[in-house]
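> This is the structure alone, sequence omitted:
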C-alpha cells in the first residue's frame with residue numbers, strides 16, 4: 001500500500017500521529033534515524049505509551065502504517081510532516097539542529113504538489129526563516145509548487161480524554177493556499193482543524209499555551225514557598241480558591257516542571273524576543289521560580305531529616321515516582337532527576353520506586369520494590385504521584401515522609417511524620 005503521508009520523527013508525537021492517519025484510511029510512513037525504533041514498528045510493537053501495540057500491529061500488518069530509515073520514501077508521498085525534538089542547548093538557547101537537518105533532507109526530495117508541515121514546538125519565525133529558504137532552494141515556489149505550514153503538536157502524554165484525533169488542530173500556512181491545502185490534509189484524520197493567519201501566529205499560539213501553564217504553576221510554586229514560612233497549607237488554600245465558580249483556574253504546586261514543553265518553551269520565546277529588543281521578564285521569572293523548586297525540595301527534605309535528628313549526608317532517601325508526570329514513563333526534564341543529583345551531592349544514599357520506570361541507567365539506579373525498600377529508608381519523598389500506589393498505606397509505613405504532590409491529602413496534613421510542600 002503506497003503511503004500518502006510521511007512523518008519524519010517516530011517519537012511520542014510522530015507515532016500517535018501516524019496511527020491516527022492510518023486508522024482514518026490514510027496510509028502513513030514514519031521516517032526515523034533510529035533503526036531500532038523502525039524495527040519495532042515494523043514488528044507492530046509500540047514503545048510509546050499512548051500507542052497500544054494491539055492497535056498498532058493490525059495497521060502494520062495491513063500495510064497502512066510502515067517505517068523506514070530511508071528519506072527517499074518521502075518523495076512519492078503527498079505530504080511530509082516533521083515532528084522532531086526542539087531541545088535547549090547547554091546555554092539554554094534553542095537547538096533547531098534536528099529540524100534543520102530534516103528540512104535539508106526533505107528539500108532534496110520535495111516535489112510539486114507536496115504539502116510540508118512542521119509540528120515541532122519552536123519560536124515564531126522558524127517555519128518561514130529556517131524551512132522555507134531550504135525548500136525553495138531547488139527552484140520550487142511556495143504556495144504554487146509546494147505548500148508549507150506550521151501545525152503544532154498538542155500532545156499531552158498519558159491523557160485519554162483528549163487525543164491526537166480529538167484535540168483541535170491549528171494550521172498556519174505561508175500563503176492562503178498553503179493553509180488551505182494543509183487544513184485539507186489534516187481534516188482527513190483529525191476531527192477539528194482551525195486555520196490561523198500565518199505560521200508565526202500558530203507558532204506563538206503553541207508557546208502561549210504552554211507558557212500560560214508554566215507561569216501559573218510558577219505562581220503557586222512561589223506561593224507554596226511563602227506558605228511554608230507562614231505555616232499555612234498551600235494545598236488547602238488552592239483547593240479553597242478553586243471553589244469560586246469564576247475568575248480562578250486551579251494550578252497545583254510541585255517539585256518542578258518536566259516534559260519537553262513546559263520547561264523549554266518559555267526560553268524559546270525569551271530568546272526570540274531579544275531579537276526585537278524586548279525582554280519577557282515575567283516569563284523568565286516564572287522559569288527561574290520553577291527551576292528553583294528541586295532546590296527548595298532538597299531544603300524540605302533536609303529540614304524533615306533534621307527534625308528526626310538526622311543529616312542528609314549518610315541518610316537513605318527513597319523517592320517515590322521519578323517520571324515527569326503521573327502514570328507515564330517519560331523522564332524528559334523530570335525534576336526528580338535534578339533532585340537525585342542534589343541529594344547525592346549532599347551525601348545522601350538515594351533509591352527510588354516507579355512502576356513506570358524500571359531503571360535510570362545514567363544514575364546507576366533500578367526501581368526497587370516499594371514495600372521492601374521502605375524499612376531501610378530514613379526519608380521517603382513523593383515526587384511523582386502515580387495512581388497505582390496506595391498513599392494512605394505509604395503514610396503509615398514510612399518512618400518519615402515528604403509529600404511534594406499532596407498525594408496523602410488530608411491524612412498527611414494531620415500526620416506528624418508527613419511533611420508536605
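Received the coordinates, thanks. For clarity, every value in this text was computed on a predicted model and none was experimentally measured.
> got the residue ranges for the strands in the stretch 251-400 of the chain?
316-320, 349-353, 359-360, 365-366, 379-382 (DSSP state E, counting those that start in this stretch).
> could you point out which element follows the host helix or strand of residue 15?
Assigned by DSSP states H and E, residue 15 belongs to helix 14-23. For helix 14-23, the following helix or strand on the C-terminal side (DSSP H and E) is strand 28-31.
> So what touches the following helix or strand past that following strand?
Next along the chain after strand 28-31, taking DSSP H and E as the criterion, comes helix 35-42. Applying Cβ atoms under 8 Å, 6 or more residues apart in numbering, the contact partners of helix 35-42 are 10, 15, 30, 32, 46-47, 56, 60, 65-69. Bear in mind the C-beta positions are built from the backbone N, C-alpha and C, glycine included.
> Narrow those to those in helices?
The members of those that map onto helices under DSSP state H are 15, 56, 60.
> Specify which member of those is nearest to residue 144.
If you rank those by distance to residue 144 using Cβ to Cβ, residue 15 comes first, at 32.6 Å.
> got a pLDDT number for the nearest residue to that closest one once chain neighbours are set aside?
In this structure, residue 15 finds its nearest non-sequential neighbour in residue 48, 4.8 Å apart by Cβ to Cβ, 6 or more residues apart in numbering. Looking at residue 48, its pLDDT is 92.
> Residue 312: which of the ones in helices among the contacts of helix 35-42 is nearest?
residue 15 (41.0 Å).
> Now that that closest one has come up, it's in contact with residue 52, right?
No. Residue 15 lies out of contact with residue 52 (Cβ atoms under 8 Å); the separation is 11.2 Å.
> Could you check which of the two is surrounded by more residues?
More neighbours surround residue 15 than the other of residue 15 and residue 52, with 28 against 11 (other Cβ atoms under 10 Å).
> For the closest residue to residue 127 other than its chain neighbours, give me its contacts.
Distances taken as Cβ to Cβ, 6+ apart put residue 199 closest to residue 127, at 3.8 Å, once the chain neighbours are dropped. Taking Cβ under 8 Å, 6+ apart as the criterion, residue 199 is in contact with 118, 124, 126-128, 148-150, 172-174.
> Could you pull out the buried residues of stretch 141-160?
By neighbour count on 16 or more other Cβ atoms under 10 Å, the buried set for stretch 141-160 is 142-143, 145-157.
> got it, and stretch 228-235?
Neighbour-count burial for stretch 228-235, with 16+ other Cβ under 10 Å as criterion, is recorded at 228, 233-235.
> roughly how far is it from the heart of the chain?
Distance of stretch 228-235 from the chain centroid (Cα atoms, centre = their mean, to the nearest Å) equals 29 Å.
> now the helix or strand hosting residue 179 and helix 14-23, what's the angle there?
Using DSSP H and E, residue 179 sits in helix 176-187. Orientation of helix 176-187 against helix 14-23 (axes from the mean of the first three to the mean of the last three Cα atoms, to 10 degrees) gives an angle of 80 degrees.
> Mind giving me the packing neighbours of helix 176-187?
strand 115-118, strand 147-150, strand 169-173, strand 193-196 (3 or more Cβ pairs under 8 Å, 6 or more residues apart in numbering; DSSP states H and E).
> okay if I get those as a markdown table plus mean pLDDT and distance to residue 40?
Shown next, in a markdown table, are the helices and strands packed on helix 176-187 (pLDDT from 0 to 100; distance: least, Cβ to Cβ, whole Å):
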| stretch | mean pLDDT | distance to residue 40 |
| --- | --- | --- |
| strand 115-118 | 98 | 25 |
| strand 147-150 | 98 | 29 |
| strand 169-173 | 98 | 27 |
| strand 193-196 | 98 | 30 |
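> Would you mind finding the most buried of those?
Of all these, strand 147-150 has the most neighbours on average by mean count of other Cβ atoms under 10 Å, namely a mean of 29.
> By mean pLDDT, flag the weakest helix or strand of the chain.
helix 409-413 (a mean of 72; mean pLDDT, DSSP states H and E).
> Which helix or strand lies directly C-terminal to that one?
strand 418-420.
> Please identify the pairing partners of that next one and their relative orientation?
strand 401-403 (parallel) (DSSP bridges).
> Quick one: mean pLDDT for the partner strand?
So the average pLDDT for strand 401-403 ends up being 97.
> Contacts for that strand next, please.
With contact meaning Cβ under 8 Å, 6+ apart, strand 401-403 is reached by 297, 300-301, 304, 379-382, 391, 394-395, 408, 412, 415, 417-421.
> Generate a ChimeraX selection restricted to the buried entries among the residues you listed.
Selection command for ChimeraX covering only the buried members of the contacts of strand 401-403, criterion 16+ other Cβ under 10 Å:
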select :297,300,301,304,379,380,381,382,391,394,395,408,412,415,417,418,419,420,421
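> Next, residue 122: phi, psi?
phi -160, psi 180 (degrees, to the nearest 10).
> looking at it, it is touching residue 200, isn't it?
No. If you go by Cβ under 8 Å, residue 122 and residue 200 don't touch, sitting 10.7 Å apart.
> neighbour count winner among the two?
More crowded of residue 122 and residue 200, by other Cβ under 10 Å: residue 122, with 23 against 18.
> do you know how far the nearest residue to the more buried one once chain neighbours are set aside is from residue 288?
Nearest non-adjacent residue to residue 122, counting by Cβ to Cβ, 6+ apart: residue 86, 5.1 Å away. Distance of residue 86 to residue 288, computed by Cβ to Cβ, to the nearest Å: 21 Å.
> Compare neighbour counts for those two and give me the winner.
A count of neighbours by other Cβ under 10 Å puts residue 86 above the other of residue 86 and residue 288, at 21 against 10.
> so what's the more buried one scoring on pLDDT?
In this model, residue 86 is scored at 93, pLDDT.
> can you pull the contacts of it?
Counting by Cβ under 8 Å, 6+ apart, residue 86 touches 94-96, 98-99, 120-122, 264, 268.
> Wait, a strand at it?
No. Going by DSSP: H, G, I helix; E, B strand; the rest coil, the assignment for residue 86 is coil, not a strand.
> Out of the buried residues of stretch 228-235, which is nearest to residue 161?
For the buried residues of stretch 228-235, the nearest to residue 161 is residue 235 (23.8 Å; Cβ to Cβ).
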